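Engineer: sequence first, predicted coordinates after that:
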Amino acid sequence: MAKLQAAATAKIEEICARYKDEKTPLMMILSDIQNEYGYIPLEVQEVVSKQTGIPVAEIYGVVTFYSFFSLTPKGKYVIGCCLGTACYVKGAGQVIDKFSEILHIQPGQTTEDGLFTLDALRCIGACGIAPAVSINGKVFPKVATAQVADIIEQYRNAEKEGQEV
Ligand code: FES
């Protein structure tokens, strides 16, 4: 979306119009855009600002405050390593480091091939199976550093064979 195409602009305007009667439409608009495109870059925020009259600075503040929203495109597979207390005491720090080492990216970054994004999460409500890792919503329980390469391989192989994991 580097240069916002007319079709994309029209779609964003349509999303804004959906919530024109809401008193506080911003979160709903941004959620729909995030779901539709996977990220909300500045030029999109400018269209939302023009449509709603909400200043870009305010929109930018919301986009950067909530981890659900992203300014940059995320990978096809978003790996979320929980770093909440229960997971952390069971070795989640080493687990995320292992993902980082194998994928050659830091938390918050995406691999060059666009396949994986690595995220550090707060408690995802699965403390009983700590350390927990979630990939596109699928939760892996009690993840050990020795499993990390296999997990990544599983996704790479599925991608090569065009299968769903
Ligand atoms: S601390 Fe990781 S799931 Fe709760």
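Structural biologist: In hand now; what should we look at?

Engineer: and the closest residue to the ligand within the chain, what is it in contact with?
Structural biologist: Scanning the chain for the residue nearest the ligand gives Gly84, at 2.5 Å (criterion: CB to the nearest ligand atom). (C-beta placed from N, C-alpha, C; glycine too.) Contact criterion CB atoms under 8 Å, 6 or more residues apart in numbering gives 92, 121-124, 127, 130 as the residues in contact with Gly84.

Engineer: what separation do you get for it and Gln106?
Structural biologist: Between Gly84 and Gln106 the computed distance is 19 Å (CB to CB, to the nearest Å).

Engineer: now the residue nearest to Val56 when sequence neighbours are not counted: which helix or strand?
Structural biologist: Leaving out its chain neighbours, the residue that sits closest to Val56 by CB to CB, 6 or more residues apart in numbering is Ser49, at 4.6 Å. With secondary structure defined by DSSP states H and E, Ser49 is part of helix 42-52.

Engineer: what is the mean pLDDT for that helix?
Structural biologist: Here the mean pLDDT over helix 42-52 is 96, rounded to a whole number.

Engineer: and the following helix or strand past that helix, what's buried?
Structural biologist: On the C-terminal side of helix 42-52, the closest following helix or strand by DSSP H and E is helix 56-65. Buried residues in helix 56-65, defined by neighbour count with 16 or more other CB atoms under 10 Å: 59, 62-63.

Engineer: contact partners for Thr72?
Structural biologist: The neighbours of Thr72, taking CB under 8 Å, 6+ apart as the test, are 39, 41, 110.

Engineer: got the angle for the helix holding Ser49 vs helix 56-65?
Structural biologist: With axes from the mean of the first three to the mean of the last three CA atoms, to 10 degrees as the basis, helix 42-52 and helix 56-65 are set at 130 degrees to each other.

Engineer: output the contacting helices and strands for helix 42-52.
Structural biologist: With contacts taken as 3 or more CB pairs under 8 Å, 6 or more residues apart in numbering; DSSP states H and E, helix 42-52 sits against helix 6-18, helix 26-37, helix 56-65.

Engineer: make CSV out of the ones you listed and add mean pLDDT and distance to the ligand.
Structural biologist: Formatted as CSV, the helices and strands packed on helix 42-52 follow (pLDDT from 0 to 100; distance: least, CB to the nearest ligand atom, whole Å):
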stretch, mean pLDDT, distance to the ligand
helix 6-18, 93, 33
helix 26-37, 94, 23
helix 56-65, 95, 22
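
Engineer: please consider this matter closed, and thank you.
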